[in-house]
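Here's a sequence, model it:
(2 chains)
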Amino acid sequence: MRAVPGMIAAVLVLSTGHAITALAADATAAAPTPKPTQVQSRELHQVLEQAPVAENLKVSWQEALPAMEPVVSFLACYPGWDAWTHLAAYQVPGFSGSTYYLSAISATRYHDPGKCMSIRHIHSVKQRPDGTLTFRVLFYDVDSNEEADRTFGMLRQANGTWLFARGGF
Amino acid sequence: MGYPVVRRYLLVIAAGLTLPLLATPPVHAAPTARAADGGISVSQEKQTITLRPVAVNVLQVHVTRAGAPPQPATFVIDPKSPPKPVAPGKLQDTAHAVELSTPGYTARWDKSTGTLALTTPEGQPLLTQADTAALASGRIVLTHAASDRIYGIRGYFATEPSQAGLLRQGVQVAKSGEQGYAGAPFAWSTSGYGVLVDARPARFNLDGGTLTADGFPDGNFTYYLITGTPPEIFRALSRLSGPAPIFPKWAMGFINSQFGIDQAELLDIVKTYRQKKIPTDNMTLDFDWKAWSEDNYGEFRWNEKKFPDGPSGRLKSQLDAQGIKLAGIMKPRILVDSIQGRYATDHHLWFDAKPALGDYFSLKMMRDVDFNKPDTRTWFFNDVLKHSFDTGIVAWWNDEADDTGDDYQFMNMQRSLYEGQRAYSPLRVWSLNRNFYLGSQRYAYGMWSGDIDTGFDSMSSQRERMLSAISLGEWKWGMDGGGFVGRPSDENYARWIEFGAFTPIFRVHGSLNEKRQPWRYGPVAEAAATNAIRLRYSLIPYIYSYERATYDTGVGLVRPLPFEFPADANVRNDVDGWMFGQYLLVSPVVIGGQIGKQVYLPKGRWTGYFDGKVYEGGRSVSLPVDAKSWSDIPLFIRDGAIIPSQGPVQYVGQTPLVNLDVDVFPADGETHFNYYDDNGTNYNYEKGQYFAQTLSTRRSGKGAVFTTGTRSGTYKAPLKYYLVKVHGVAGTSVAGLTRRKDEHVLRATEAPGWTTGKDKYGEVTYLKLPAGKPGSWEVQP
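Residues are numbered from 1 along each chain as shown, chains lettered A, B, ... in the order given. The predicted model follows:
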């Protein structure tokens, strides 16, 4: 039985840069989530550290890294549609769900869902006029050679931290 | 249904229980083989393998586990025309082997080793299947020459690195995939064979000289071994999987897709196209056209605020008068709390594995319907959508059905519209979809490469995306010309239009409020883009003939160079150029600021399309590139070319095509072109209402011969004359034809005739010949 949907108002920044109110996904039972291997965690760390970031974005990137790492790590492992209900601590306040979220694993057919996907690289790091720091993550599965590319957007908060305003599509 | 996440966990658990059993090599009794029912029947422990020819170049291999019910074919195989056995030319059962031969191959099953060897009729080895035991664990293991190059299986999704180009190696997954991806359980080689697995999805492993396909744990599956040249292999693929219906003729033209628009702006854009004499045939509308996520079937009806004359049909009338067709975006999701949502709930139409989600555009809860359910497909082309169709939305731009993990969701979405429209209207179906799996082509299914970035890097990577999709059977490919995300530079826009003019589906699109009309990018880009669009329109008789060829032969307009030149090692992974039909090679400029370009021309004689300069192929040639006007397109004519073209038009069908220009470049050997035309709008061609005539030419000493074959089809085409331009020949006489003073007089005279002259290609002999009548004319030097 599916739980009664919780409709949670949230602020979502679309690719157009407009702040709008959005609704979260239906609450669904959390899918079983594997943990990344030590090698995968180390690779992710390296990929984030070595991301191709323009000089003028490096400060922002470094500020945003503490939130990036756990989120990307979680999303490399989580197969369900409701990932953002588990990532509230890393989201812009009031933002409790991403209408855009697509599991990286959902792009695969032969990935072993008992394992996490790996991160091949980060690319397309940009800052939009509204201040959103956007980047793309290329997930891959070494066994099936399948890949999934996902786009993320983060906003700087008043306290200097960066939180996610969208992610995963 | 595909492999929803929860279900996949169950599969993994099941696999986990099963794999340890498989890890222990089973003890198999030696397989026994015998000739039976026009094929070869092999029995091994708990499994029967049946090999039968189903075409002269196709061997069907059907693997059945004892006691298992018959496995229905997937939608990879055409359900309307499943393959039927054909009699082998020879079937011989001896003490050592069973051997089956057709004019296309020999299949020999060695009884002592249990090995299948597939060779050409001349005995050249193609594929060997020695590991028969692997079939018991659901794996097909074929060996081939390690030097063979393998193509097909998969393309690239929108933002994926694509440096691999066209060649495939290692683990490769055939699936419909996410946006821009194309997949087919089909691998082929320029060495003369193809392997089609009736499965979805499918996993291949290409390891040196071994091709493995797996994913059939229940032990029941069918695959097809195909032999021949690339065109022969693709013809067989089309026969097995089903032909692609002919698109409406307007779809050969230029398509302007636009996001963020209303009726007034739409009409203004169309008016400007016509004022500037920039040809275009279609405006494709994004969310704007419909009452998106409103109650009472908002996803299927007009947005009356933005398009006040949409519902009444007045807008359609205005656009019809200007030769413009409309396509409208369609999504797989509908508003949950609505009349249509409650209908979906009551009739169990939802896609169960995907929950309702907040929609990014309307911010309301919406949910995908499941197009794998027949009830959904019947319902989707509902009365409200029929009204939108009747009032102008005559083509379908299907978006975002690629994220469920189901390889049939997108195919069946378009299938719903195809079957609905065909049952409702005589008009031909056109659609654009964001992924592809083999079988989709049966539903008038074009694809585009997804939400791509602007910029030269993104643009240049579209070449391998297009050629990869075509290399697995999706001949109707297009892209968001100019790029979807961002704004292209003026130069990038100009070059993108030139590139797009030589793709199967020629269109532009951008994100919200991004305009992609040529006049938005400055006068230099506008001039370059306009010329490219006009060039495209001049070639529509040529292009449309290949649209028919796709239907007939499974071989379409754009062909990767390895397809046309399989023995040329220089083009094995070449995406820089491609054949546009049999007779034009194009290599668009895809680098910003470029002032020179090296273009490889395969062996043979080539002529520059714009300057008439002659090149000997088998080498790269250096070309200057105009970095100021951005107007040059490296385009070459192949020796032997026969290229029909037409005069300036603003849209397809604007004026009846009474006289058809045909540029001819005779070669020593005879070459052919199958000219084709029909009414361009309905399916009467299926009943023989078309005009088709084979045109042929060859050199004859210093002269040339031009031949028109017997016409076929019953369509009363307006065409009266071919104006054949035989290039490189200065004729002195043409038996049976009256000489005219010059080209102008020849064109103006309502009768056959001939004359000579000169043009950018040099000496030319003009022949004015009656269309539709067979004949042969020798131009004496």
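
The longest helix seen in chain A - contacts with which helices or strands?
For chain A, the helix with the greatest residue count under DSSP state H is helix A:58-75. Here helix A:58-75 touches helix A:38-49, strand A:118-127, strand A:133-141, strand A:146-156, strand A:162-167, going by 3 or more CB pairs under 8 Å, 6 or more residues apart in numbering or on different chains; DSSP states H and E. Any C-beta I mention is one placed from the backbone N, CA and C, and that applies to glycine too.

where's the second one relative to the chain centroid, distance-wise?
Strand A:118-127 has its C-alpha centroid displaced from the chain centroid by 11 Å (CA atoms, centre = their mean, to the nearest Å).

what do you get for the third one?
Relative to the chain's own centre, strand A:133-141 is displaced by 8 Å; criterion: CA atoms, centre = their mean.

you'd agree residue B:694 is up against residue B:672?
Yes. Counting by CB atoms under 8 Å, residue B:694 touches residue B:672, with 5.6 Å between them.

And the helices in the stretch 651-781 of chain B?
B:743-748 (DSSP state H, counting those that start in this stretch).

where do the strands sit along it?
B:659-664, B:671-677, B:691-700, B:703-708, B:721-727, B:733-734, B:753-759, B:762-770, B:775-780 (DSSP state E, counting those that start in this stretch).

Need the contact partners of the second one.
Read it as strand B:671-677. B:541, B:544-545, B:547-549, B:582-583, B:640-644, B:657, B:660, B:662, B:690-698, B:715, B:717, B:719 (CB atoms under 8 Å, 6 or more residues apart in numbering or on different chains).

starting at the chain centroid, how far to that strand?
The answer for strand B:671-677 is 19 Å, by CA atoms, centre = their mean.

buried stuff in that strand?
B:671, B:673, B:674, B:675, B:676, B:677 (16 or more other CB atoms under 10 Å in any protein chain shown).

Tabulate the residues you listed in TSV, adding columns for pLDDT.
TSV is the format used below for the buried residues of strand B:671-677 (pLDDT from 0 to 100):
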residue	pLDDT
B:671	98
B:673	98
B:674	98
B:675	98
B:676	98
B:677	98
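
quick one: which of those residues is nearest residue B:31?
residue B:674 (45.8 Å; CB to CB).

where do the strands sit along the stretch 51-200 of chain B?
B:58-65, B:90-93, B:97-102, B:105-110, B:115-119, B:125-129, B:139-143, B:150-154, B:170-174, B:182-189, B:193-197.

Can you say which of the ones you listed is nearest to chain A?
Nearest of the strands of the stretch 51-200 of chain B to chain A, taken as CB to the nearest CB: strand B:170-174 at 4.1 Å.

Check which residues of the closest one are buried.
Neighbour count says strand B:170-174 has B:171, B:172, B:173, B:174 buried, by 16+ other CB under 10 Å.

what's the closest residue to residue B:313 other than its chain neighbours in contact with, if anything?
Nearest residue to residue B:313 in three dimensions, chain neighbours excluded: residue B:391, at 4.4 Å (CB to CB, 6 or more residues apart in numbering or on different chains). By CB under 8 Å, 6+ apart, residue B:391 lies in contact with B:302, B:310, B:311, B:312, B:313, B:315, B:316.

that older thread, relative to helix A:38-49, how tilted is the longest helix of chain A?
150 degrees (axes from the mean of the first three to the mean of the last three CA atoms, to 10 degrees).

So for helix A:58-75, what gets flagged as buried?
Using 16+ other CB under 10 Å as the test for burial, helix A:58-75 gives A:60, A:61, A:63, A:64, A:67, A:68, A:69, A:71, A:72, A:73, A:74, A:75.

Enumerate the residues of the stretch 351-500 of chain B near chain A.
Residues of the stretch 351-500 of chain B found near chain A (CB under 8 Å from any CB of the partner chain) are B:354-360, B:363-365, B:403-405, B:407, B:453, B:485.

try 7 Å this time
Within the stretch 351-500 of chain B, the positions near chain A by CB under 7 Å from any CB of the partner chain are B:354, B:355, B:356, B:357, B:358, B:359, B:360, B:363, B:365, B:403, B:405.

same deal with chain B?
Near chain A, when you scan chain B using CB under 7 Å from any CB, you find B:3, B:5-6, B:8-9, B:12, B:157, B:159-160, B:170-173, B:175, B:177-178, B:201, B:203, B:354-360, B:363, B:365, B:403, B:405, B:511-512.

leaving aside the residues next to it on the chain, what's closest to residue B:138?
residue B:216 (3.6 Å).

My error: substitute residue B:225 in the last question.
Using CB to CB, 6+ apart, the nearest residue to residue B:225 is residue B:59, at 4.5 Å.

Same question for residue B:632.
residue B:626 (5.0 Å).

I'd like to know how many residues surround that neighbour.
Using other CB atoms under 10 Å in any protein chain shown, residue B:626 is surrounded by 12 other residues.

Check whether it sits in a helix, strand or coil.
coil (DSSP: H, G, I helix; E, B strand; the rest coil).

Could you say which helix or strand holds the closest residue to residue B:570 other than its chain neighbours?
In space, and not counting its chain neighbours, residue B:570 is closest to residue B:600: 5.7 Å by CB to CB, 6+ apart. Secondary structure assigned from DSSP states H and E places residue B:600 in strand B:596-601.

That strand packs against which elements?
strand B:619-624 (3 or more CB pairs under 7 Å, 6 or more residues apart in numbering or on different chains; DSSP states H and E).

Identify the residues contacting the strand it packs on?
Strand B:619-624 has contacts (CB atoms under 7 Å, 6 or more residues apart in numbering or on different chains) with B:595, B:596, B:597, B:598, B:599, B:600, B:601, B:615, B:634.

Identify the residues contacting the spatially closest residue to residue B:364 that is not a sequence neighbour.
Spatial nearest neighbour of residue B:364, chain neighbours left out: residue B:293 (4.8 Å); criterion: CB to CB, 6+ apart. The contact partners of residue B:293, taken as CB under 7 Å, 6+ apart, are B:299, B:335, B:359, B:362, B:364, B:366.

The first one belongs to a helix?
Put plainly, it is residue B:299. Yes. Per three-state DSSP, residue B:299 lies within a helix segment.

Just the pLDDT for it.
Residue B:299 is assigned a predicted lDDT (pLDDT) of 98.
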